[in-house]
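*Asks:* Here is my input, please return the structure:
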Amino acid sequence: MNLLTALGFAVFERSGEASFRLLGPAPHWLPAGSVTEAFPFLEVFLPDAEEFWADRGARTALYSDLWTQGGATGDELHFCAIAVAGERKLLLIECAEQRFQQARSFVQYAHEASLAREQIAKLTQAKTEFLARMSHEIRTPMNALLGMVELLSETPLNDEQRKYLQVFQRAGDNLLNVINDILDFSKVEAGQIDLENIEFDLAQVIQEAIEIAAVRARAKGLALVNRIQPNVPTLLIGDPGRLRQILLNLLGNATKFTDRGELTVLVETDSDQPVPGALHFAVSDTGIGIPADRLSTIFDSFSQADASTTRKYGGTGLGLAISKRFVELMGGKIWAESKPGAGSTMHFTARFSVADAPKPVAEGSAPVVIRNRGLRILLADDSEENRFLIRGYLKDSGCIIDEVENGAEAVEQFKQRAYDIVLLDAEMPVLDGYSATREIRALGATPIFLLTAHALREARARSFEAGCTDHLTKPIKKATLLEAINKAVPAASVSDRIHVPVEAWLKPVVGGYLEKRRGDVRKLRAALDCSDYDTIRMLGHQMCGTGGGYGFEPITEIGSALEESALASDSARMRASIEDLDRYLNNIQVE
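*Replies:* Residues are numbered from 1 along each chain as shown. Presented below is the predicted three-dimensional model:
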């Protein structure tokens, strides 16, 4: 009892029902009067305490909540009551100021941490939106600039002009690399990087990286050496694109800081992980080297070995940080060894699966061309430069291109005639590409490509949610666009196009007539789903009477079939006629 008193508790013993006597001296904070008079809060706690004393179970103490009231000195204090069971029924009153302050500090910390998390989330979202906007604003003009360079390179040029064009191309590619570095870093930070898991040839990936790096290395007189140890499996399963990017980052870094000598790429099995597909890569140079006290920081974001590095050599300081994140996603680690003045070696490990059998190596591919000549393409972009670029890419394809400047015009144009492909810029006035995609998709299944400078994953997801067929990120290469068109429009599809000559005086109203029939397809399907054969008969009768008058005899025939099958309640025939109508309307080409 003396110990409890020494610890600052007011100790009371239950001497009778709702009767307590003080044991030991009264603490200085204890108000006058009986314990129940001094602490009105006990009216709430004591019934629980009585039950506890009567049948305490496995517990030896019962704690009340903290409460606040005036103490003997008149100050507001915080108290806690504790019922203790044993041979005697004890009630302890604790002046819990210290515990209260700790609890308040914890609550304050939790609140501030919650606010901090919310603030971080808002800042992260703001950063993502800023980067997406920055990407769009820079990539849009870059699309036109680099595209024009590509088209210009296909024209006759003298040696001096070709040299200027190469400088222009390198400068544009360097700027694009900076943009890509920033976006990649943002995606890694946000956990938006998903590694591919496809089969690839390791030797080919390394050779591609070396060929790209060789242009700048040879311009500086540097030799490039590539060694893959014989026991390294070359047909792997993993992400070849990210592996190539790591190698390019390391080779680019090595080239930047090396003025003479050579660059070496070495690949061997990882001795620390003796499992198939665990590899160790080393990229060495004979450059300026890195001071020992900076080796541990070069893989940090925006970090370079010296403050003057950016001014002298350029770069964002993100390449190594991005490489580190990619390596970690591949189940490996990255580190550096260096001696100032004698060069550096960047090491990294990665784990891949080993493919079962090699695939035959493809021969050199021919330039990509449009397989289908005569495609009709609807192009919507508010930038004249970008429309000019797309026209240039498709100038020898035989495609017919109708151009508009915004999404609203694209929707109206689509209603007037059938198209094989629709190309929409994402950011347009009046109606943007996403909204236009939704409206056009409701009218038919024509392939829609969204051309956008937004490179983040959210932009791709937004495009596909809107209903687009493909999402092409600016700057768009000519081959990329042509391959996408070839993939979306099979070679045989153009032969299905139905060419219908229409008299000149009818052309202003033909578009509206066909659009109403497309609306009828939707009404017919809805009516068939609920067995509303009267509506199907009525719509069929209307088409039967109007199709031939506008020059569309098949519509008259389909309308007659719909009317007859509706009267016979032949749902299978009705469904077939509705599909015939939809197919006809999607393939009709008014001349």
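*Asks:* what about stretch 561-579, how long is it end to end?
*Replies:* Taking CA to CA, to the nearest Å, stretch 561-579 runs 12 Å from one end to the other.
*Asks:* Next, the buried residues of it.
*Replies:* 561, 562, 563, 564, 565, 566, 574, 577, 578 (16 or more other CB atoms under 10 Å). (Each C-beta comes from the backbone N, C-alpha and C, glycine too.)
*Asks:* and of the residues you listed, the nearest to residue 35?
*Replies:* Nearest to residue 35 among those is residue 578, at 86.7 Å by CB to CB.
*Asks:* Please identify the helix or strand for the closest one.
*Replies:* helix 571-587 (DSSP states H and E).
*Asks:* Next: residue 149.
*Replies:* Using DSSP H and E, residue 149 falls in helix 97-153.
*Asks:* related to what we said a few turns ago, give me the contacts around the helix holding residue 578.
*Replies:* 418, 444-446, 496-498, 514, 517-518, 520-521, 524-525, 528, 531, 533, 536, 540, 543, 554-555, 558, 561-562, 565-566 (CB atoms under 8 Å, 6 or more residues apart in numbering).
*Asks:* where in the stretch 51-200 of the chain is pLDDT low?
*Replies:* For the stretch 51-200 of the chain, residues meeting the criterion pLDDT under 70 lie at 56-59, 99-100, 102-117, 120-121, 123-137, 139, 167, 170-171, 173-178, 180-193.
*Asks:* mind redoing it with 90?
*Replies:* For the stretch 51-200 of the chain, residues meeting the criterion pLDDT under 90 lie at 51-80, 82-198.
*Asks:* Doesn't residue 241 lie inside a strand?
*Replies:* No: applying DSSP: H, G, I helix; E, B strand; the rest coil, one finds residue 241 to be helix, outside a strand.
*Asks:* Give me the distance between it and residue 325.
*Replies:* From residue 241 over to residue 325 the distance is 14 Å, taken as CB to CB, to the nearest Å.
*Asks:* which of these two has more neighbours?
*Replies:* residue 325 (20 against 14; other CB atoms under 10 Å).
*Asks:* what's the helix or strand for the more buried one?
*Replies:* Per DSSP H and E: helix 319-329 holds residue 325.
*Asks:* What is the burial count for residue 68?
*Replies:* 10.
*Asks:* for it, helix, strand, or coil?
*Replies:* strand.
*Asks:* beta partners for it?
*Replies:* Taking DSSP bridges as the rule, residue 68 bridges to residue 78.
*Asks:* tell me the contacts of it?
*Replies:* With CB under 8 Å, 6+ apart, residue 68 has these contacts: 76, 77, 78, 79.
*Asks:* Which of the contacts of helix 571-587 fall within strands?
*Replies:* Using DSSP state E, the members of the contacts of helix 571-587 that fall in strands are residue 498.
*Asks:* Restricted to buried residues, select the contacts of helix 571-587 in ChimeraX.
*Replies:* Buried residues among the contacts of helix 571-587 (16+ other CB under 10 Å), as a ChimeraX selection:
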select :418,444,446,497,514,517,518,520,521,524,528,533,536,540,543,554,555,558,561,562,565,566
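*Asks:* can I have the helix holding residue 325 written out in CSV, keeping just the CAs?
*Replies:* Output in CSV follows, covering the C-alpha atoms of helix 319-329 (Å, rounded to 0.1, in the frame of the first residue of the first chain):
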residue,chain,number,x,y,z
GLY,A,319,19.4,7.8,-65.8
LEU,A,320,21.2,5.9,-63.0
ALA,A,321,18.3,6.3,-60.6
ILE,A,322,15.9,4.9,-63.1
SER,A,323,18.3,2.0,-63.9
LYS,A,324,18.4,1.2,-60.2
ARG,A,325,14.6,1.0,-59.9
PHE,A,326,14.4,-1.2,-63.0
VAL,A,327,17.2,-3.5,-61.7
GLU,A,328,15.4,-3.9,-58.4
LEU,A,329,12.2,-4.8,-60.2
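*Asks:* care to break this protein down by domain?
*Replies:* 2-95, 195-354, 376-494, 498-590 (automatic domain parsing).
*Asks:* ranking those by burial, who's on top?
*Replies:* domain 376-494 (a mean of 19; mean count of other CB atoms under 10 Å).
*Asks:* thinking again about what came up before, mind putting the domains of the chain into TSV with distance to residue 122?
*Replies:* Listed next are these as TSV, based on distance: least, CB to CB, whole Å:
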stretch	distance to residue 122
domain 2-95	34
domain 195-354	21
domain 376-494	16
domain 498-590	42
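*Asks:* what's the closest of those domains to residue 165?
*Replies:* domain 195-354 (14.2 Å).
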